[in-house]
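Asker: Okay, predicted coordinates and the sequence, questions at the end:
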Amino acid sequence: PRGKMAFAGKYEFESDENYDAFVQKIGLPSDKAEMGRNCKVVTEVVQNGNDFTWTQHYPGGRTSANTFTVGKEADMETMGGKKFKATVRMENGKLVADFPNYHHTAEISGGKLVEISTSSGVVYKRTSKKIA
């Protein structure tokens, strides 16, 4: 039996909180930080059971994709483009992953994709609305 397909869909950036403090904390270069500020990123999630492909489409045609299976180590890429290995877990309906310098969760709440990244006490929250 397939799990709930709660995450599948396309989501467009709607709002965020603490962006500047967070990217400063994780050491994102200012040019990359500038590009990401209030950027209408579209996040596309394809889910097949525990297998996910999580793609971010940036304005101007750049995309970044992470493919992973819940509970198995996978090769991932950070906001800044650094490669690393992580195991994504499912906890209380949220996808949870530890990036090299921050802790990340993603959940569907009220039909929106809510992503929270925490680094040394700075909490960055990004909300995206479902568009497809």
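Answerer: Yep, that arrived.
Asker: buried sites along the worst-scoring helix or strand of the chain on mean pLDDT?
Answerer: Ranked by mean pLDDT, DSSP states H and E, the helix or strand of the chain with the weakest confidence is helix 30-36, at a mean of 83. For helix 30-36, a neighbour-count test (16 or more other CB atoms under 10 Å) marks 33, 36 as buried. All C-beta spots, glycine's among them, are computed from the backbone N, C-alpha and C.
Asker: packing partners for the helix or strand containing S15?
Answerer: Following DSSP states H and E, one finds S15 within strand 9-17. For strand 9-17, the packing partners by 3 or more CB pairs under 8 Å, 6 or more residues apart in numbering; DSSP states H and E come out as strand 42-48, strand 112-119, strand 122-130.
Asker: Pull the residues that contact that strand.
Answerer: Strand 9-17 has contacts (CB atoms under 8 Å, 6 or more residues apart in numbering) with 38-45, 112-113, 123-132.
Asker: Of those residues, just the buried ones, PyMOL syntax please.
Answerer: Restricted to buried positions by 16+ other CB under 10 Å, the PyMOL selection for the contacts of strand 9-17 reads:
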select buried, resi 41+42+43+44+45+113+124+125+126+127+128
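Asker: And the average pLDDT for the strand holding S15 is what?
Answerer: The pLDDT scores in strand 9-17 average 95.
Asker: buried ones in it?
Answerer: Under 16+ other CB under 10 Å, the buried positions of strand 9-17 are 9-11, 13, 16.
Asker: Show me what the most centrally placed residue in the chain is bridged to.
Answerer: With the centre of the chain defined as its mean C-alpha position, the nearest residue by CA atoms, centre = their mean is E115, 6.0 Å away. E115 has these beta-bridge partners by DSSP bridges: A106, R126.
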